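# build me a structure from this.
(2 chains)
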2 protein chains.
Amino acid sequence: MITSTTGPQPADFADVRATNLAVVLRFVREHAPCSRADIAANTGLNKATVSSLVADLIDRRLVRETGLTENRVGRPATMLVLDGSPYAAIGVEINVDYVAAVATDLAGQRLLAWRRSFSAGESVNQGVANVAAIVRRVVNRMAKEERQVLGLAVAVPGLVDVQGAVRIAPNLGWRDADIGGDLAKALRDPGFSIQVDNDANLAALAEQRFGGNAGADDLVYLTGQMGVGAGVILDGRLRRGGLGYSGELGHVQLDPEGPACRCGRRGCLEAMAGIGAVLRRADPSPAEIEIELEEVVRSARAGDEATLATLAAVGAGLGRGVSIIANLLNPQVVILGGYYVALAPWLLPPVRAAVRDGSIAPQAGGCEVVASTLGHDAAALGGAARVLDSLDSGRLPGGISRTT
Amino acid sequence: MITSTTGPQPADFADVRATNLAVVLRFVREHAPCSRADIAANTGLNKATVSSLVADLIDRRLVRETGLTENRVGRPATMLVLDGSPYAAIGVEINVDYVAAVATDLAGQRLLAWRRSFSAGESVNQGVANVAAIVRRVVNRMAKEERQVLGLAVAVPGLVDVQGAVRIAPNLGWRDADIGGDLAKALRDPGFSIQVDNDANLAALAEQRFGGNAGADDLVYLTGQMGVGAGVILDGRLRRGGLGYSGELGHVQLDPEGPACRCGRRGCLEAMAGIGAVLRRADPSPAEIEIELEEVVRSARAGDEATLATLAAVGAGLGRGVSIIANLLNPQVVILGGYYVALAPWLLPPVRAAVRDGSIAPQAGGCEVVASTLGHDAAALGGAARVLDSLDSGRLPGGISRTT
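Numbers count the residues shown, from 1 in each chain, chains lettered A, B, ... in the order given. A predicted model of the protein is given here:
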């Protein structure tokens, strides 16, 4: 039997209201302050429906009226903004040497951003206990602010399948771990959803929602952590592939004769342009990376020739990787994150040159390469973004009590 | 202003009927023979709505009742099948040495498949005149069968932007050509839509709809023509990238020290695993390729060692390209088309080995590699598929006359 998802889905009238609530919520998020008439004019929904939907969103404290009015012909319109004061979204990133946590309100404003050190090589149990401890503190803080937690999404550097199971996280030494289930147990079924995703995927969501290229439909984010992964957004959505393992750029082979990679192959992008290549050592200690990286930046600023040559070589390798993405996916922008941000002044010129030279489309198909402006908690912030995405796709807190 | 397409679109009630007509049409296409009750049970639409929608589709001669009934508890149900006898979809492929045309009915059954030789190096004007000539003959044939042409989609080997303009078709020597507009003029505004797309994109649509892996949500098709391009389907839809230039696998650099490529770079996939590498010559004459390819197949069957070594090397290079796709996109299947099909017995083993060895995900993330079963007119057939896709997304022939 042929089944296909190319065509439209049936517009089930029972879902129409939930969908339209989400449409109005998203419009207010993006265009606040705005009036009910603005919403009607821009969404194609009629005014009576918009009024009813807005009343519902006000009941749920997702939207509120401001004192402001807009002067138009006829009577003035009351302006709406996001409320969301009773809600929070939480994102957590587990990395080799730290756990980062971010909480945001509905508009994506950071309510807190915490980080605690984390020892590489911890067992899954220890890791989950660490994450649970930081999440408990975040939830308590939110409770003090009288905010209900809408959900938690956890970023893990590794292969995470579409169900959220961690298949392999090589730099953590984890395999086949049900982090989400374990966390739910550790948090004693906290009453909010817990999602687990790849770190690059979540960072890409953060860029799409909050970054310097927010709103780009075709965007790729590259993590520059111990590993190099890609979060691929095409046509406005994360593309995970069949099992959820998309974005594994780090082990794309750039040169069959290249340096040995930790994965056992040769000439992988990670071996040629990962943090090990930057620091000129095969297996840098996670705890030392930030200190050594500062040293590299200092040397580069001072014009040290060996350092500049190393960064030029890393940039050339990274650029070849980005040119593969440009040729294969034609994104509008590729965003370099993590450790690459601090090195951007030296990496961006050779990366851009390699992309230009390696792309078959004129002007690299319009593909720009930039450094992330979201800092080191991009993946954690992306966890919060994923929770907000769930809201945007219609999973609103509380039941739908009103009907029209 | 942040605009984003991550969330749902408003369910505009005016569009609901058109959407639902398309949903029912698609259900009948995929599940015929089926009853109105089947449609209601599987789409979530209520029975009265389904009856009204089916009546509309019968009026348009898109669906018909059969004499068959289904025995159920209660009264027997009349079974429905696709009608579509008054309609045809046309796909055309322009390649270096031929133009292929396919016409199908609504169910995708081929009504005709024609091919005429075409000289490489023809100007855009000559090319368009050739295509117009074959299209005119197809339209006349369809008129004799009393079929209305729903649309035409033309496959071109090159960069085609999202508006359908051909930016660069290197092997045709065309640049910045408005093939669609020129064809409309040559055909004197024929009263059906004309779309232009990349050949790999359209072949991927054909595989998704008609191929051995029909219905796969994450599928990549590789053309094995003078060039090597990829058609990328993720989450059930073609992903074109920002400007439409996705899928340019042919000029991804596999080896900085590799053989010179016609594009001026070194070690591109096309140079290592294109038809030139198979035939062991940098610039094979298009007219000679098929004859020479038969010779290669004959030698390989006879166990000629040099031939087998060449095919093993080509397979290894191609496999490295496919492993990039597997790592970056995690598709369920990569389908080798064009000239690769005849060579599949020798290419598939080394390709699969390279994908297995080069993928970071276990078992290559479930990515299978197979040869296309659609033959050389996959791209033309994909043109017809694209016309049928337009129908599936709600652009039905004729206005909507009924209302409920």
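
# count of neighbours near the residue of the stretch 251-400 of chain A found nearest chain B?
When scored by Cβ to the nearest Cβ, the stretch 251-400 of chain A has residue A:330 as its residue closest to chain B, at 2.5 Å. C-beta here means a position set from N, CA and C on the backbone, and glycine is covered the same way. Residue A:330 has 28 neighbouring residues, counting by other Cβ atoms under 10 Å in any protein chain shown.

# for the closest residue to it other than its chain neighbours, helix, strand, or coil?
Leaving aside its chain neighbours, residue A:330 sits nearest to residue B:241 (2.5 Å; criterion: Cβ to Cβ, 6 or more residues apart in numbering or on different chains). Under DSSP: H, G, I helix; E, B strand; the rest coil, the three-state class of residue B:241 is coil.

# can you give me the strands in the stretch 301-404 of chain A?
Using DSSP state E, counting those that start in this stretch, the strands of the stretch 301-404 of chain A run over A:333-336, A:368-371.

# please work out which of the ones you listed is packed deepest.
strand A:333-336 (a mean of 24; mean count of other Cβ atoms under 10 Å in any protein chain shown).

# so what touches that one?
A:204, A:207, A:211-213, A:216, A:218-222, A:224, A:318, A:322, A:325-326, A:344, A:347-348, A:351, A:355, A:367-372 (Cβ atoms under 8 Å, 6 or more residues apart in numbering or on different chains).

# try it again at 7 Å.
A:207, A:211, A:213, A:216, A:219-222, A:224, A:322, A:325, A:344, A:347, A:367-372 (Cβ atoms under 7 Å, 6 or more residues apart in numbering or on different chains).

# and whichever residue of the stretch 101-250 of chain A sits closest to chain B, how far is that from residue B:331?
Sorted by distance to chain B under Cβ to the nearest Cβ, the residues of the stretch 101-250 of chain A start with residue A:241, at 2.5 Å. From residue A:241 across to residue B:331, the span is 6 Å (Cβ to Cβ, to the nearest Å).

# those two: which is more packed in?
More neighbours surround residue B:331 than the other of residue A:241 and residue B:331, with 30 against 27 (other Cβ under 10 Å).

# residue B:366 is in contact with that one, correct?
No - taking contacts as Cβ atoms under 7 Å, residue B:331 lies outside contact range of residue B:366: 9.0 Å.

# all helices for the stretch 101-250 of chain A, in order.
A:124-144, A:179-186, A:199-210 (DSSP state H, counting those that start in this stretch).

# of the ones you listed, which stretch is the most buried?
Taking mean count of other Cβ under 10 Å, helix A:199-210 is the most buried of those, at a mean of 29.

# can you give me the buried ones in stretch A:39-47?
A:39-40, A:43, A:45 (16 or more other Cβ atoms under 10 Å in any protein chain shown).

# biggest helix in chain A by residues?
Among the segments of chain A that qualify as a helix by DSSP state H, the longest is helix A:305-329.

# angle of that one against helix B:305-329?
Orientation check (axes from the mean of the first three to the mean of the last three Cα atoms, to 10 degrees): helix A:305-329 against helix B:305-329 gives 90 degrees.

# return the distance of helix A:305-329 from the chain's centre.
23 Å (Cα atoms, centre = their mean, to the nearest Å).

# can you give me the neighbour number for residue A:286?
If you count neighbours by other Cβ under 10 Å, residue A:286 ends up with 20.

# wait, it touches residue A:96, no?
Yes - counting by Cβ under 7 Å, residue A:286 does reach residue A:96; the two are 4.3 Å apart.

# can you pull out the low-pLDDT segments for the stretch 1-150 of chain A?
A:1-14, A:70-75, A:119-121 (pLDDT under 70).

# the strands in it, which residues?
A:34-35, A:63-70, A:77-82, A:87-94, A:98-104, A:110-117, A:148-156.

# how near is residue A:92 to residue A:287?
Counting by Cβ to Cβ, the gap from residue A:92 to residue A:287 is 20 Å.

# now do the contacts for the residue of the stretch 101-250 of chain A closest to chain B.
B:218, B:234, B:329-331, B:365.

# picking that back up, which neighbouring elements make contact with the longest helix of chain A?
strand A:230-234, helix A:269-273, helix A:275-279, helix A:286-301, helix A:339-358 (3 or more Cβ pairs under 7 Å, 6 or more residues apart in numbering or on different chains; DSSP states H and E).

# give me the buried positions along that helix.
Applying 16+ other Cβ under 10 Å to helix A:305-329 flags A:307, A:310-311, A:314-329 as buried.

# same check, this time on stretch A:352-360
A:352, A:354-356, A:358-360.

# and that stretch, anywhere near chain B?
Yes - residues of stretch A:352-360 contacting chain B under Cβ under 7 Å from any Cβ of the partner chain: A:358, A:360.

# what's that stretch in contact with?
A:316, A:319-320, A:322-323, A:326-327, A:364-365, A:367, A:369, B:248, B:251, B:253, B:263.
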